[in-house]
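Undergrad: Sharing a model prediction with you, sequence too.
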Amino acid sequence: MAGGYPASNGTLPGKDSKLSGLFRLLSRSLNPSCPAEGESAGGFSSSADVPSTNSGIAADSLVDGLSVVIGTSQMVAQDSTLVRRIAKFSDKYEGEVRSRLSYGDAGHEKANRVMHVAFFNGVAVGWCSSTPGWGCGRGGHWGALAVDPSAQGKGVGSALVKAAEQRLLDAGCNSVQIEYRFVVGDPAKERLYAWYEGKLDFDGGPRRSGFRCCHKALSTESFRAQHMKNHTSQGQLHAEPQASGLQHEAKRARASSQSSSSSESSESRSASQQLDQL
C-alpha cells in the first residue's frame, strides 16, 4: 500500500525503506493539506473553477438501477425533494446541500470540487465530494461520503468512491487524501479503519487513536486493480486482489514514521455514519 505523495509516475523514489520514509515525511511537511483544528478540509477554488450540465459519471452498478452523476443546480430545479433527501442522509443543512450541488454547474472538467450523487432507481441515496488540485503537487481529495440507511449493503459507497477517484485520475492527480477519526478498540471505528485503510488501500501511518489524515498513490494501474470489477450472475462485483511488492514495502516504511495529525476535519463524519458506506 503506497502512501504519501508519490513521484509523478505514481511510484516512490528508490527501494530503500528508510529513504521512502524520509520522502514521505518531507512530502507531508511540504504539503500541509491536513486541516488544522476547526478548519475545513475544503481547499477548493472559487466560483471561477466551477463545472457543463452533461457531467454525469456512470458507475458499474453492484445492483441494477444504481448510477452516479455529478450534482448540479439543474437537478435541484427538476426534483423538489432532492435537497431535503440529501440533507437527511448527509446531516447537512439544506442550504449547504443546495450550495454544494451548484459546484457542478460549470461542467465536469472545469470544476474543482463537485458532489457525486448516487441514484438508485432515480432516487438519491448517497453522495461524495471530489477535489483535484489538493495541496501542493498533483494531489486530490474526496470526502463527505454519506449513504442513506435504506441503501446500505448495495455497494453505493464503493460506487461513489470509484466515481470520485476516476475523476481525480482523469484530472491528472497521482495521490488521494481522506480524513477520519479513529479509536483503537472501538468496534465501529475498527470496521471503518478496515474499510479505509484495508479495502480502499489508504495509509494513515501508525495505527493509533486520533484524527487520521490518510493518503494513497493513484495511477491507472492502481485504479484498475482496486476498482475493476467482475460481474456475477447476481450483478455483484469483486475487486481484483492485486498489490505490488513496492506498495507493501512503502506501507511498512510509512508505519515506522511518526504521524503528526491530531485534529478533526469538517468533511469527516462519525464512524457510525461512515460505516453506512461499507
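TA: Arrived safely. Residues are numbered from 1 along each chain as shown.

Undergrad: correct me, but residue 73 touches residue 105?
TA: Yes: using CB atoms under 8 Å, residue 73 makes contact with residue 105 at a distance of 5.3 Å. Where you see a C-beta, it was placed from the backbone N, CA and C, and this is true even at glycine.

Undergrad: and those two? which has more neighbours close in?
TA: A count of neighbours by other CB atoms under 10 Å puts residue 105 above the other of residue 73 and residue 105, at 20 against 15.

Undergrad: That one in helix, strand or coil?
TA: When classified by DSSP: H, G, I helix; E, B strand; the rest coil, residue 105 comes out as helix.

Undergrad: Residue 76 against residue 99, yeah?
TA: No: counting by CB under 8 Å, residue 76 sits too far from residue 99 to count as a contact (10.4 Å).

Undergrad: So the two - more neighbours on which side?
TA: The neighbour comparison of residue 76 against residue 99 (other CB under 10 Å) goes to residue 76, with 17 against 13.

Undergrad: Return the distance of that one relative to residue 93.
TA: To residue 93, residue 76 is 14 Å away according to CB to CB, to the nearest Å.

Undergrad: Equivalent analysis for residue 87, please.
TA: Per CB to CB, residue 87 is found 7 Å from residue 93.

Undergrad: Out of these two, name the residue with the larger neighbour count.
TA: Neighbours were counted for residue 87 and for residue 93 using other CB under 10 Å; residue 87 has more, 16 against 11.

Undergrad: Pull out the buried residues from the host helix or strand of the more buried one.
TA: Take DSSP states H and E as the rule and residue 87 turns out to sit in helix 82-90. Across helix 82-90, burial judged by 16 or more other CB atoms under 10 Å covers 82, 83, 86, 87, 89, 90.

Undergrad: these two touch, right, the last one and residue 84?
TA: No: assessed by CB under 8 Å, residue 90 is found out of contact with residue 84, at 11.0 Å.

Undergrad: burial of residue 172, as a residue count?
TA: Around residue 172 there are 12 other residues, counting by other CB under 10 Å.

Undergrad: which non-adjacent residue is nearest it?
TA: In space, and not counting its chain neighbours, residue 172 is closest to residue 138: 5.9 Å by CB to CB, 6 or more residues apart in numbering.
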